[in-house]
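Trainee: how would this look folded up:
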Amino acid sequence: MALRPPLPHTAKTAAVVFALAVGLTAASIVVEASDGTGGRQDTARAARPAAARLEQFTADGLAQQISTVQRHLRAEPKDATGWAGLGSAYVEQARGTGDPTRYPQAEKAFTRSLSVQPRDNDTALAGRASLAAARHDFRGALRDADKALKVNSYSQGALAVRVDALVELGRYKDAYTAARKADALRPGIPVFTRLAYVLELRGDAAGARRVLLRAKDSATSPSDIAYVSTALGQLAWGQGEYGTARAAYADALRAVPGYLPALEGRGRTSAATGRLDAGIRDLEEVVRRYPLPAELSALGEAYEARGDRAKARQQYAVVDTWITLARANGVATDLDSALVAADHGDVKEALKAARAEWDRRETVHTADALAWALHRNGDDKRALAYAKRAAEPGYRNAAFLYHRGVIEKSLGDSASARRHLTAALGLNPGFSPTAARAAKAALKGLGGQR
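Mentor: Presented below is the predicted three-dimensional model:
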């Protein structure tokens with residue numbers, strides 16, 4: 001279904017969409033870094049040392065490693081751990097490239113592993129939990145992570161995915177407890193980064209930074225250094241600390257040149273500080289290799305801020321294509337649909353998508369998406385209730401504050417609107433190339449100082 005009114009069928013737009021469709025169904029894609037999505041780096045570790053090499057994938061040369069394991073499994077098709085490792089590698093490859101067609105392949109590999117070894121196979125269960133999380137089936141992820149932990153309570157992969165699932169289900173107190181337990185049982189970068197995110201959601205940005213610095217001290221491989229440095233950059237960017245963010249992204253790119261999450265962060269930072277051309281160059285490279293909705297939308301907004309509305313519309317059109325492909329491969333995408341459509345497309349479809357996502361999981365992000373979709377459909381009274389829910393754990397996010405301020409302005413609560421719009425711009429003045437401008441205009445209309 002269309003997320004926005006049909007666009008002119010220019011040859012250039014058609015070419016962009018066709019290229020994306022071809023790219024997402026390519027048979028072999030190489031990724032350069034260990035965790036392209038900002039959080040789900042660890043794959044399940046092997047239970048038996050002899051098979052460990054089949055599972056300890058790094059993203060450097062991941063496609064070649066997959067080929068090696070495939071050859072191994074042709075020779076030894078009864079290797080349950082090998083099949084689980086292959087499944088985890090497919091999940092990692094999908095995450096690193098934005099190619100959802102890898103998920104069915106991963107599912108088949110985990111199923112094969114569990115058919116070969118149906119009992120005490122924590123490796124496959126943890127891997128299947130990771131797959132469920134990647135597909136946004138967080139209840140399934142939690143169920144399989146718990147099954148894996150019953151077999152092996154020290155499974156770092158299962159401990160990490162369990163935290164992810166609890167966060168994405170909006171169970172923040174449970175997620176904090178789970179992250180602390182994981183830190184006690186299996187401290188390491190996958191656990192540190194999750195603990196830091198839970199702390200950030202609780203409003204403790206300083207605590208999150210301390211944990212990430214601890215993670216950086218323990219990082220030795222280039223991919224781990226890039227991963228943790230990028231997490232530090234993202235945290236700093238969210239607090240409006242652009243110099244700190246830029247330095248962290250530079251550390252990441254020195255460790256792994258071309259590391260996409262850092263390149264994206266640098267692009268967003270450049271856009272936030274008014275360097276739109278530099279930001280667009282970085283975001284174009286990210287989208288060329290990693291065409292997912294958030295990145296496509298970020299590039300579209302940067303184009304829009306520069307005045308190039310035709311190019312912006314092309315990016316939003318490609319989002320539609322990705323969502324169609326993702327749904328065909330079992331990925332729940334309603335939150336992505338709602339966020340993009342509410343700002344750039346069919347607001348009725350945005351509301352439908354946001355409601356569907358809220359029915360699945362009550363998180364701060366789904367609360368914010370539903371609040372904004374309700375506002376865009378003229379239901380500001382109900383929207384405000386969800387905007388308040390988005391702030392309940394103590395999480396401070398400039399976009400959330402902006403949305404709440406606009407909703408309050410529409411309801412005639414000028415004092416609250418000024419407070420939240422000022423807070424949004426004070427926290428992260430360049431949180432969006434387009435929305436930050438809108439926030440300043442709204443605040444000016446209310447008699448604010450910006």
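Trainee: all contacts plus neighbour counts: C-alpha atoms, from now on.
Mentor: Fine.
Trainee: ranges for the helices of the stretch 301-450 of the chain?
Mentor: Using DSSP state H, counting those that start in this stretch, the helices found in the stretch 301-450 of the chain span residues 309-328, 334-344, 347-360, 364-376, 380-389, 398-410, 414-427, 435-445.
Trainee: between these, which one is nearest to A205?
Mentor: Judged by Cα to Cα, the one of the helices of the stretch 301-450 of the chain that comes nearest to A205 is helix 414-427, at 11.9 Å.
Trainee: what's the closest one packed up against?
Mentor: For helix 414-427, the elements it packs on are helix 398-410, helix 435-445, judged by 3 or more Cα pairs under 8 Å, 6 or more residues apart in numbering; DSSP states H and E.
Trainee: Out of these, which is the most enclosed?
Mentor: Sort the helices and strands packed on helix 414-427 by mean neighbour count, taking mean count of other Cα atoms under 10 Å, and helix 398-410 sits at the top with a mean of 25.
Trainee: got JSON lines for the helices and strands packed on helix 414-427, with mean pLDDT too?
Mentor: JSON lines is the format used below for these (pLDDT from 0 to 100):
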{"stretch": "helix 398-410", "mean pLDDT": "98"}
{"stretch": "helix 435-445", "mean pLDDT": "95"}
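Trainee: Go through those and name the closest to A298.
Mentor: helix 435-445 (11.2 Å).
Trainee: Helix 334-344 and the closest one, what's the angle between them?
Mentor: Using axes from the mean of the first three to the mean of the last three Cα atoms, to 10 degrees, the inter-axis angle of helix 435-445 relative to helix 334-344 is 50 degrees.
Trainee: hmm, back to that, want to throw the helices and strands packed on helix 414-427 into TSV with distance to D164?
Mentor: As requested, the helices and strands packed on helix 414-427 are arranged in TSV below (distance: least, Cα to Cα, whole Å):
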stretch	distance to D164
helix 398-410	21
helix 435-445	29
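Trainee: Could you point out which of the ones you listed sits nearest A350?
Mentor: Where the helices and strands packed on helix 414-427 are weighed against each other on Cα to Cα, the nearest is helix 398-410, at 14.9 Å.
Trainee: tell me the angle of that closest one relative to helix 364-376?
Mentor: Relative orientation of helix 398-410 and helix 364-376, computed by the same axes, to 10 degrees: 30 degrees.
Trainee: which strands and helices sit next to helix 398-410?
Mentor: helix 364-376, helix 380-389, helix 414-427, helix 435-445.
Trainee: Can you tell me which of the ones you listed is most buried?
Mentor: Across those, averaging neighbours per residue (mean count of other Cα under 10 Å) puts helix 364-376 on top, at a mean of 28.
Trainee: could the helices and strands packed on helix 398-410 go into TSV alongside distance to A245?
Mentor: Formatted as TSV, the helices and strands packed on helix 398-410 follow (distance: least, Cα to Cα, whole Å):
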stretch	distance to A245
helix 364-376	23
helix 380-389	27
helix 414-427	14
helix 435-445	18
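Trainee: Tell me which of these approaches A178 most closely.
Mentor: helix 364-376 (18.6 Å).
Trainee: From the contact counts, what lies against the closest one?
Mentor: Counting contacts by 3+ Cα pairs under 8 Å, 6+ apart, helix 364-376 is packed against helix 334-344, helix 347-360, helix 380-389, helix 398-410.
Trainee: Endpoints of stretch 218-226, how far apart?
Mentor: Separation of the first and last residues of stretch 218-226 by Cα to Cα, to the nearest Å is 12 Å.
Trainee: of all the helices and strands packed on helix 364-376, which lies closest to L125?
Mentor: helix 347-360 (22.3 Å).
Trainee: to the chain's geometric centre, what's the distance from the helix or strand hosting A184?
Mentor: A184 is part of helix 172-185, with elements assigned from DSSP states H and E. Relative to the chain's own centre, helix 172-185 is displaced by 20 Å; criterion: Cα atoms, centre = their mean, to the nearest Å.
Trainee: my read: V364 touches A391, true?
Mentor: Yes. With contacts defined as Cα atoms under 8 Å, V364 counts as touching A391 at a distance of 6.8 Å.
Trainee: quick one: low-confidence ranges for the stretch 51-200 of the chain?
Mentor: Counting by pLDDT under 70, the stretch 51-200 of the chain contains low-confidence residues at 51-60, 98.
Trainee: The stretch 251-400 of the chain now?
Mentor: Across the stretch 251-400 of the chain, the stretches falling below the confidence threshold (pLDDT under 70) are 332-333.
Trainee: 80 instead?
Mentor: Counting by pLDDT under 80, the stretch 251-400 of the chain contains low-confidence ranges at 320, 322-324, 326-327, 329-334, 336-337.
Trainee: and of the helices and strands packed on helix 414-427, who's closest to A184?
Mentor: For A184, the closest of these is helix 398-410, at 32.6 Å, according to Cα to Cα.
Trainee: outside of that closest one, which residues touch it?
Mentor: Residues external to helix 398-410 that are found in contact with it (Cα atoms under 8 Å, 6 or more residues apart in numbering): 238, 368, 371-372, 375, 380, 383-384, 387-388, 390-391, 414, 416-421, 423-425, 427-429, 431-432, 435, 439, 442.
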